[in-house]
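**Student:** give me the fold of what follows.
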Amino acid sequence: MGRKLYLECYSGISGDMMVASLLDLGADQAVLGNTLNSLKIKGFQTQVSRVKKSGIDACDFNVILDAEHESHDHDMEYLHGHHHDHEEIHGHGHHHEEIHSHHNNHEEIYSHSHEHRGMKEIRLLIQQADMTEGARTLALTIFEILAKAEAKAHNVPEDEVHFHEVGAVDSIVDIIATAVCMDNLDITETIIPVLCEGQGTIRCQHGILPVPVPAVVNIVQAYKLPIQIVEAQGEFVTPTGAAIAAAIRTGQKLPEKFSVEKIGIGAGKRKYERPGILRAMLILEELPDRDLICKLETNIDDCTGENLGYVMERLFEEGARDVHFTPVYMKKNRPAWQLNVICCQEDREKLEQIIFRETTTIGIRRIHMERTVLNREQKMVTTLIGDVKVKACQVDGSWRYYPEYESVARLSREKKLPYMEVYQMAMERVMQ
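**Tutor:** All right, here's what the predicted structure looks like:
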C-alpha cells in the first residue's frame, strides 16, 4: 500500500514547483542525482536551495543551463523572461543544499538545447536513463499527455510534433525528476481538489497567448481537471505542471478526516500577488469510527418460491447479515417480492453476483447506511441437557441475554423437548 499525496495548488503548478515540493517531502536527492547524471544530455546543472516566498520558507529546484545550451523556450523562462524573481535566497545564495553537475562524458543523443525534440527522441532518452520502471512509466505518461495537448494546439499529428515544451532541457529534467521523486516516495494516490489559474496574457515564441495557454486548456479538458480562475494576473499553471497533475491525480476529494504525515513546499520562479508556492502533504486517512453497512434491494415478480428460498440460503452462506422478503405490487398489478439484503460493504459485490446469477432480476439498488449497534458478545451456557449459545447485549450498563435459535432448536430435536422448555433452561442458567 503506497502513500497518499495531497497537492494544494493555490498558486497553480509547474514542473520545478512540483520537484521542489517532493524534495521537501524527503525524496532522496542522491537517487534523483543518479538518474539525472545518466541522461544523455549535457550542459545543465540542478541546484536545490532554500528561498522565501512572501515570508514562507520553501524549497527551490532550479535547472541551470550553460551559455551554449541556454534556451528561450523552456517551461518557465519562455513564458516569463529570464529573470528568476526569488524574493530571498537564504545566506545570499551561499547555502545551497546540493548542486548536481550533469556534463556527461558518454555519447549524447542531443547536442544542443535549441533543437526541438519530439516524442521519439524523448522515449529513447527515458528508455536509456537509469531509473526504476515505475518512474520510467510515469515520466512517459507525463510526456505523452503533454504531447497530445501540444499536438492538438498546433493541429499536427502527435508523433510528428516537435515543440518547445517537450524539447526544452529544463522541461525534460523537471518531468523526469518528478517521476523519480514520486516513485522514490512510494506515492500511489494523489488528491488534487482544484488548480488555481490566473488571468491575462503571456508572451512566448509564438507571440502573445491568453492565460490559460492552449496546451493547459487541452489538458484540463481531456483529463477533467477542476480549474478555478482567480483574480490575479499571471500564468500559474504551466503545460508541464498541468501534464504532471493529469498523470498523477487519482481523486479530487479529500478524506473526511486525515492526519498530515509531512509537508513539502516548493517555490515557483515568479513573484505574483499570491505566494508562488506549491504545498504538498503526505496524508494518512483516519477511518471513521462508525458502523457502516450496505443495504441491497430488488423487486422480483417471476421467480418461484423455491428459487427465492434457495437464494436466501446462498446469501446467508456467503456472509449476508440479514435477508428478508417483502410482498409488493408492481406494474400491471403483478404480485411480487422485494428482496432485501443487509451486508458488510466488503461483501456487497459478491452478494450482488449471487442475486444476479440465482434470480431473474436485471438491477439491484444499493444504499450505504450507518447504524447504531449495542455492545454485544457471544457466550456458551451449559444446561442439564447440553450447551446453548447465548447472545449478550449491553444496554445502559446492564446486560440482556438471548439464547440463539439454532442452538436451542438443535437441543430440542435431540432431546425431543418443547422449544420453549429448552429456551427457559438456557435463560435460567445464564441468569445464575
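**Student:** quick one: mean pLDDT for the host helix or strand of Ala151?
**Tutor:** Using DSSP states H and E, Ala151 maps to helix 133-154. Regarding helix 133-154, the rounded mean pLDDT is 91.
**Student:** list the buried residues in that helix.
**Tutor:** 134-136, 138-153 (16 or more other Cβ atoms under 10 Å). Yep, even glycine has a C-beta here, placed from its N, CA and C like the rest.
**Student:** now it - C-alpha only, CSV.
**Tutor:** In CSV, the C-alpha atoms belonging to helix 133-154 read as follows (Å, rounded to 0.1, in the frame of the first residue of the first chain):
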residue,chain,number,x,y,z
GLU,A,133,10.3,1.0,-14.1
GLY,A,134,7.7,2.8,-12.1
ALA,A,135,9.5,6.2,-12.6
ARG,A,136,10.0,5.4,-16.2
THR,A,137,6.3,4.7,-16.8
LEU,A,138,5.2,7.8,-15.1
ALA,A,139,7.7,10.0,-17.0
LEU,A,140,6.5,8.6,-20.3
THR,A,141,2.9,9.2,-19.3
ILE,A,142,3.5,12.8,-18.4
PHE,A,143,5.3,13.4,-21.7
GLU,A,144,2.5,11.7,-23.7
ILE,A,145,-0.1,13.9,-22.0
LEU,A,146,1.9,17.0,-22.9
ALA,A,147,2.5,15.8,-26.5
LYS,A,148,-1.2,15.2,-27.1
ALA,A,149,-2.0,18.7,-25.8
GLU,A,150,0.6,20.4,-27.9
ALA,A,151,-0.3,18.4,-31.0
LYS,A,152,-3.9,19.5,-30.6
ALA,A,153,-2.9,23.1,-30.0
HIS,A,154,-0.8,23.2,-33.2
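**Student:** next one: that helix to chain centre, how far?
**Tutor:** For helix 133-154, the separation from the chain centroid amounts to 19 Å (computed by Cα atoms, centre = their mean, to the nearest Å).
**Student:** which residues touch that helix?
**Tutor:** 35, 119, 122-123, 126-127, 129, 131, 157-158, 160-161, 163, 165-166, 175-176, 178-180, 182-184, 214-216, 218-219, 222-223, 239-240, 242-244, 246-248 (Cβ atoms under 8 Å, 6 or more residues apart in numbering).
**Student:** please apply the same query to stretch 361-375.
**Tutor:** 290-300, 339, 345, 348, 352, 355-356, 393-395.
**Student:** just the ones of these in helices?
**Tutor:** 348, 352, 355-356 (DSSP state H).
**Student:** now those as TSV including distance to Met369, neighbour count and pLDDT?
**Tutor:** Shown next, in TSV, are those (distance: Cβ to Cβ, whole Å; neighbours: other Cβ atoms under 10 Å; pLDDT from 0 to 100):
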residue	distance to Met369	neighbour count	pLDDT
Arg348	12	18	92
Glu352	16	18	95
Ile355	18	19	95
Phe356	22	14	95
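**Student:** against Arg136, how distant is Thr46?
**Tutor:** 19 Å (Cβ to Cβ, to the nearest Å).
**Student:** I misspoke; the intended subject was Asp66.
**Tutor:** 27 Å.
**Student:** try Asp170
**Tutor:** Distance from Asp170 to Arg136, counting by Cβ to Cβ: 20 Å.
**Student:** name the nearest residue to Met425, sequence neighbours excluded.
**Tutor:** Distance criterion Cβ to Cβ, 6 or more residues apart in numbering; nearest residue to Met425, sequence neighbours excluded, is Thr383 at 4.5 Å.
**Student:** now which of the contacts of helix 133-154 would you call buried?
**Tutor:** Neighbour counting with 16+ other Cβ under 10 Å marks 35, 119, 122, 126, 129, 131, 161, 163, 165-166, 175-176, 178-180, 182-184, 214-216, 218-219, 223, 239-240, 242-244, 246-248 as buried within these.
**Student:** what are the ranges of the strands in the stretch 251-400 of the chain?
**Tutor:** 258-267, 277-285, 291-300, 322-329, 335-343, 365-371, 375-383, 386-395, 398-403 (DSSP state E, counting those that start in this stretch).
**Student:** could you say which of these is packed most deeply?
**Tutor:** Each of these was scored by mean neighbour count; the highest is strand 277-285, a mean of 21, by mean count of other Cβ atoms under 10 Å.
**Student:** angle of that strand against strand 258-267?
**Tutor:** 160 degrees (axes from the mean of the first three to the mean of the last three Cα atoms, to 10 degrees).
**Student:** tell me where the model's unsure across the stretch 51-200 of the chain.
**Tutor:** Applying pLDDT under 70 to the stretch 51-200 of the chain flags residues 67-116, 161-167.
**Student:** that one: helices as residue ranges?
**Tutor:** Remark: helices assigned in the stretch 51-200 of the chain by DSSP state H, counting those that start in this stretch are 77-80, 119-128, 133-154, 164-167, 169-184.
**Student:** which strands and helices lie in contact with the second one?
**Tutor:** Right, helix 119-128. With contacts defined as 3 or more Cβ pairs under 8 Å, 6 or more residues apart in numbering; DSSP states H and E, helix 119-128 has these neighbours: helix 133-154, helix 169-184.
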